[in-house]
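Visitor: Got a predicted structure plus its sequence, pasted below:
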Amino acid sequence: MYQSAKSLYQQCESQRFNFLDRGREAAKLTIPHLLPPEGFHPTSRLETPYQGIGARGVNNLSSKLLLALFPANAPFFRLTMDQSELNKMEEEMQEDAQGLRTELDRALAKIERSTTQSMEVEAYRVGLYECLRHLVVSGNALIYLPEQGGLRVFHLDRFVVKRDPMGNVTHIVVLETVAPTELPEEVRGEIKMESNEKTCDLYTAVVKQPDGKYKVWQEVKGVVLPESVGEYKEENLEWIPLRWSRIDGESYGRGFVEEYLGDLISLNGLSRAILEGSVAAAKLLFLVNPNGSTEIDEITDAPNGAVINGNREEIGTLQADKFNDFRVAQETMFKIEERLAHAFLLNSNVVRQAERVTAEEIRMLSQELEATLGGLYSLLSQELQLPLVTKTLNRLVKTKKIPKLPEGVVRPAITTGVDALGRGNDLNRLDLFLGGAQQVVGPQAIAQYVSVGEYFKRRATSLGVDPEGLVKTDEQIQQEMQQAQMAQMAQQLGPNAIKTASDQFMQQEELAAQSE
C-alpha cells in the first residue's frame with residue numbers, strides 16, 4: 001500500500017548531497033552548530049572560525065528579516081474580500097453600502113488580531129528566527145506546524161524534499177531519532193530492536209497524490225504507525241518546506257552565505273595568518289653574543305633595576321621584520337570585511353569613512369541595501385508568510401476561536417516585505433514632491449493647490465496606518481468651521497444674530513433637499 005519511507009528518503013538523499021555539503025561549509029565559517037559536520041555528536045567539539053563577522057552578519061540579517069516579515073505588535077497580513085463579491089453585497093444594500101464596508105472591515109480586523117495574538121502566544125517568533133538563520137546559512141529549512149502546540153524547525157541534514165518543474169512540492173521525507181519508549185505500545189511489539197540499539201529511526205513521509213492531496217504516514221523499521229496515516233489538502237498540510245532562493249530544476253535553495261563564501265574563506269585565512277604571526281612576533285627573546293664578555297646567567301638572574309657588568313652592543317632582541325607584510329594582509333582583510341558588512345546590512349559598516357556623514361546619506365544607503373532583498377521578500381511571502389497565515393487560520397477555525405471564512409471570498413494578503421518597501425518608496429516620493437514644490441512655488445501655493453486631507457490619507461497608507469477615524473473628513477472640517485463661525489458671531493453680535501443665521505442655514509438646506 002505504501003512505498004517504504006526509508007527507501008524514498010534514500011532515493012532523494014543523493015540530490016541533497018551537494019546542497020548539504022555547501023551548507024556545512026557555510027556554517028563552518030559563520031555559526032558551526034547550525035549545520036555541524038557528518039557524525040557530529042552533542043559531546044563533540046566544533047572548530048571555531050578565526051573571524052566573527054560571519055556569525056555577526058548571519059544574526060544581524062536574520063534579525064532584520066524577522067522584523068521586516070513579522071513586525072512586533074502588528075499584523076503582517078490583512079484579510080481582504082473579493083472585489084466582485086463586495087460589489088454584489090453593496091448593490092443589495094445600496095442605502096447602507098458604506099456601513100456594510102465598515103462592519104466588514106471591523107470583523108476582519110478582529111480576526112486578524114486574534115490570529116496575530118495566537119502566533120505570539122505559541123511563540124512562533126522563536127522558531128521563525130531559527131528558521132531564518134538556517135535559510136541564510138544553508139538556504140533550506142522545514143517548518144512543522146501541528147494542530148496543537150508551537151512551531152518546530154527541521155535542519156537540512158534531517159529532511160529531503162522533491163519538487164516538480166514548477167517548484168511545487170511533491171515529496172517530503174523527515175528523519176528523526178527517537179527512543180523506543182516514545183513509540184505506541186502496539187508498534188513496539190512489532191519492531192525488532194537489537195540488544196545494543198538504544199534509539200531507532202522514525203521516518204515521516206509526505207507524498208502528493210494525483211488528485212492534488214498529500215498522503216502522510218510514519219514508519220519505524222518498516223512498520224507503519226496507524227495513527228499517523230492521513231490525507232490533507234495543501235492548505236491544511238502541517239509541513240512547510242522553505243528555501244532562500246528559487247532555481248528552476250532544483251528542489252533545494254542555495255543560502256545567502258554561499259554567495260559570499262569566497263570572501264569568508266579569504267577573511268578566515270587572513271585572520272588566522274595575522275593572529276599566528278602576531279603571536280610569533282609577540283614572543284620576547286634576548287640574544288647575547290656568544291663571543292662577548294656579557295654573561296647570560298647574570299642577565300637572566302638579575303632582578304628588575306639591578307646593575308650588572310655587560311656590554312649593551314652584545315645584547316639584542318629577536319624581531320620579526322614582517323611589519324609591511326602584516327600591513328598588506330590587514331588592509332586586504334579590512335576591504336573584505338567592508339564588502340561583507342555591506343552584504344549583511346551591518347549598519348556600523350554601511351556608513352562611508354569621512355569626517356562629515358549626513359543623516360540623509362545613512363538613510364539612503366541603508367534603504368538601498370534593504371531594497372536589494374526585494375526578490376527574497378517575494379519568495380518568502382509566497383512560501384512562508386501565506387502558508388503560515390493560512391494554516392494558522394484553519395487551526396483557529398477548527399478550535400472555534402474564529403468563525404469560518406467564506407472559501408474563495410476572503411483571502412489573506414501580506415502587508416510586509418515587498419509591499420512595505422513599495423509603500424516606503426511611495427512615501428519618499430510623496431515627501432520629495434511636496435518638498436520640491438515648496439522650494440519652487442512656496443507654501444502659499446501648496447496650501448492653495450494641494451489637498452491636505454488627501455495628503456494625510458496617502459501618508460498614513462504609506463506608513464501602514466489606517467486613516468479611518470484618525471484623519472478628519474471634509475464634512476467634519478466644514479462642520480467645525482461653521483461651529484467656529486457661529487461662536488465668533490455669538491461673541492460679536494449676540495444670540496439673536498446666531499438664531500437668524502441658523503434659520504437661514506436651515507432654509508438653504510431644505511431648499512437644497514427639495515431641489516434633489
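Guide: Yep, that arrived. Numbering: from 1, shown residues only.
Visitor: Now do Val161: how many residues are near it, please.
Guide: 23 (other C-beta atoms under 10 Å). C-betas here are computed from N, CA, C, even on glycine.
Visitor: wait, is it part of a strand?
Guide: Yes. Counting by DSSP: H, G, I helix; E, B strand; the rest coil, Val161 is part of a strand.
Visitor: Quick one: residues contacting the closest residue to it other than its chain neighbours.
Guide: Excluding its sequence neighbours, the residue lying closest to Val161 (C-beta to C-beta, 6 or more residues apart in numbering) is Pro241, at 4.8 Å. Contact partners of Pro241, counting by C-beta atoms under 8 Å, 6 or more residues apart in numbering, are 140-143, 159, 161, 169, 172, 383.
Visitor: Remind me which helix or strand Pro241 belongs to.
Guide: In the assignment (DSSP states H and E), Pro241 maps to strand 239-243.
Visitor: What average pLDDT does that strand get?
Guide: Mean pLDDT, strand 239-243: 94.
Visitor: Tell me the strands beside it, with direction?
Guide: strand 140-144 (antiparallel) (DSSP bridges).
Visitor: Check which residues of the very next helix or strand once past the strand it pairs with are buried.
Guide: Per DSSP H and E, the first helix or strand lying C-terminal to strand 140-144 is strand 152-154. Neighbour counts using 16 or more other C-beta atoms under 10 Å place 153-154 of strand 152-154 among the buried residues.
Visitor: Just checking: what are the partner strands of strand 152-154?
Guide: The pairing partners recorded for strand 152-154 under DSSP bridges are strand 140-144 (antiparallel).
Visitor: State the mean pLDDT of the partner strand.
Guide: pLDDT averaged over strand 140-144 gives 94.
Visitor: What's the first helix or strand after the strand holding Pro241?
Guide: Next helix or strand after strand 239-243 toward the C-terminus (DSSP H and E): helix 256-259.
Visitor: And the next helix or strand past that next one?
Guide: Next along from helix 256-259, by DSSP H and E: helix 261-281.
Visitor: If you count neighbours, what's buried in the helix or strand just after that next one?
Guide: Heading C-terminal from helix 261-281, the first helix or strand you meet, by DSSP H and E, is strand 286-288. By 16+ other C-beta under 10 Å, the buried positions in strand 286-288 come out as Val288.
Visitor: what is the mean pLDDT for the helix or strand just after strand 286-288?
Guide: Sequence-wise, the next helix or strand downstream of strand 286-288 (DSSP H and E) is helix 296-301. Average pLDDT, helix 296-301: 81.
Visitor: Who are the packing partners of helix 296-301?
Guide: strand 286-288 (3 or more C-beta pairs under 8 Å, 6 or more residues apart in numbering; DSSP states H and E).
Visitor: helices or strands next to the strand it packs on in the packing?
Guide: Using 3+ C-beta pairs under 8 Å, 6+ apart, strand 286-288 sits against helix 296-301, strand 315-317.
Visitor: so which of the ones you listed comes closest to Asn59?
Guide: Closest to Asn59 of the helices and strands packed on strand 286-288, according to C-beta to C-beta: strand 315-317, at 42.6 Å.
Visitor: circling back: any chance of the helices and strands packed on strand 286-288 in JSON lines, plus distance to Pro49 and mean neighbour count?
Guide: Formatted as JSON lines, the helices and strands packed on strand 286-288 follow (distance: least, C-beta to C-beta, whole Å; neighbours: other C-beta atoms under 10 Å):
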{"stretch": "helix 296-301", "distance to Pro49": "40", "mean neighbour count": "11"}
{"stretch": "strand 315-317", "distance to Pro49": "33", "mean neighbour count": "12"}
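Visitor: could these be laid out in a markdown table, adding distance to Pro165?
Guide: A markdown table is the format used below for the helices and strands packed on strand 286-288 (distance: least, C-beta to C-beta, whole Å):
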| stretch | distance to Pro165 |
| --- | --- |
| helix 296-301 | 77 |
| strand 315-317 | 69 |
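Visitor: which one of those lies closest to Thr415?
Guide: The stretch from the helices and strands packed on strand 286-288 with the least distance to Thr415 (C-beta to C-beta) is strand 315-317; that distance is 66.7 Å.
Visitor: got a list of contacts for that closest one?
Guide: Contact partners of strand 315-317, identified using C-beta under 8 Å, 6+ apart, comprise 284-289, 294, 299.
Visitor: that older thread, closest one of the contacts of Pro241 to Glu13?
Guide: Closest to Glu13, out of all of these and judged by C-beta to C-beta, is Phe159, at 10.2 Å.
Visitor: so where's the stretch 351-500 of the chain shaky on pLDDT?
Guide: 351-372, 374, 416-427, 458, 460-471, 473-474, 489-500 (pLDDT under 70).
Visitor: can you pull the buried residues of stretch 176-195?
Guide: Under the neighbour-count criterion of 16+ other C-beta under 10 Å, stretch 176-195 has 176, 183, 187 buried.
Visitor: To be precise, which single item in those residues has the lowest pLDDT?
Guide: Among those, Val187 has the lowest pLDDT, at 80.
Visitor: what about that residue, is that helix, strand or coil?
Guide: The local conformation at Val187, judged by three-state DSSP, is helix.
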